[in-house]
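>>> What follows is a protein structure lacking sequence information:
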């Protein structure tokens, strides 16, 4: 079982000390930062948007892995690029025909990702495997941090890993929601290459130890 990259989820940070929080997890060995953008429409919560991403970009060199939990994401791609995002992941649920949006993201020079909610069959991703740089499986219902990991997500990961292997594609699989040192080994065993972890990293007394444990290093 190989190690994985760890992407601390900014949603779990103390926003009153955001620069310090980012510096803390960066020094602890974070591989990238996961930014959850929520619009209160596609998901029943609001998080943060362009101004916060601009501020984050100024204080870190880590890749900004930006997860767009928003309706009509295609309208805002240029704005997220200008704010400093490095990768944009959109939901199949908001883009039933995602190919044009994925192409737009790539045309902007950004990495493009596609994700699904727990209730969406993984087979919906299969037609687009060759068009993405990242595949994200949600292991909680998106909209709120701190939810319990849903083990059924690992069946989707295994099915996705198998299909990618059949097609000879090396697209990384990311998982997001309730990831911690206890369930991270099962995620890595299933084929996850990027683990998004919020409170398990930002809430840890020793974030470096938490990252090492989650990553399997």
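Noted; the coordinates are in hand. Small disclaimer: the values here were computed from a predicted structure and weren't measured. Residues are numbered from 1 along each chain as shown.
>>> Give me the longest helix you can find in this protein.
helix 153-166 (DSSP state H).
>>> List the buried residues of that one.
Buried residues in helix 153-166, defined by neighbour count with 16 or more other CB atoms under 10 Å: 153-154, 156-161, 163-164. Any C-beta I mention is one placed from the backbone N, CA and C, and that applies to glycine too.
>>> Kindly report the same for stretch 17-37.
Buried residues in stretch 17-37 (16+ other CB under 10 Å): 18, 21-22, 24-26, 28-37.
>>> for stretch 185-198, same thing?
187-188, 190-198.
>>> What is the distance between it and the centre of its chain?
Computed by CA atoms, centre = their mean, to the nearest Å, the separation of stretch 185-198 from the middle of its chain amounts to 11 Å.
>>> got it, and stretch 124-138?
So, by CA atoms, centre = their mean, the centroid of stretch 124-138 is 13 Å from its chain's centroid.
>>> how far does it stretch from start to finish?
14 Å (CA to CA, to the nearest Å).
>>> Could you do stretch 71-86 as well?
When the termini of stretch 71-86 are compared using CA to CA, they are 20 Å apart.
>>> swap in stretch 68-87?
The first and last residues of stretch 68-87 sit 10 Å apart, counting by CA to CA.
>>> how much space between the residue nearest to residue 109 when sequence neighbours are not counted and residue 25?
The spatially closest residue to residue 109, leaving aside those adjacent along the chain, is residue 81, at 7.4 Å (CB to CB, 6 or more residues apart in numbering). Remark: distance between residue 81 and residue 25 (CB to CB, to the nearest Å) = 24 Å.
>>> cool, and residue 211?
With CB to CB as the criterion, residue 211 and residue 25 are 8 Å apart.
>>> Residue 143 now?
For residue 143 relative to residue 25 (CB to CB), the value is 23 Å.
>>> do the same with residue 52
In terms of CB to CB, residue 52 sits 16 Å off from residue 25.
>>> Repeat that for residue 142.
Counting by CB to CB, the gap from residue 142 to residue 25 is 21 Å.
>>> and if you look at residue 127?
As for residue 127, its distance to residue 25 is 36 Å (criterion: CB to CB).
>>> which ones among the buried residues of stretch 17-37 are found in strands?
32-37 (DSSP state E).
>>> Quick one: the helices in the protein, in order.
Going by DSSP H, the chain shows helices at 18-27, 50-59, 77-83, 99-107, 153-166, 184-190, 199-202, 207-215.
>>> ok, back up a step: name the nearest of the ones in strands among the buried residues of stretch 17-37 relative to residue 137.
residue 34 (13.5 Å; CB to CB).
>>> Identify the bridge partners of that closest one.
residue 9, residue 65 (DSSP bridges).
>>> who's in contact with it?
By CB atoms under 8 Å, 6 or more residues apart in numbering, residue 34 lies in contact with 7-10, 65, 67, 176, 196.
>>> Likewise for residue 115?
So residue 115 contacts 67, 89-92, 135-138, 176 (CB under 8 Å, 6+ apart).
>>> Next one: the residue in the chain sticking out farthest from the centre from residue 155, what distance?
The outermost residue of the chain, judged against the average C-alpha position, is residue 166 (24.0 Å), by CA atoms, centre = their mean. According to CB to CB, residue 166 stands 17 Å off from residue 155.
>>> got it, and residue 117?
Taken as CB to CB, the span from residue 117 to residue 155 is 15 Å.
>>> Check residue 79 too.
Taking CB to CB, one finds residue 79 at 36 Å from residue 155.
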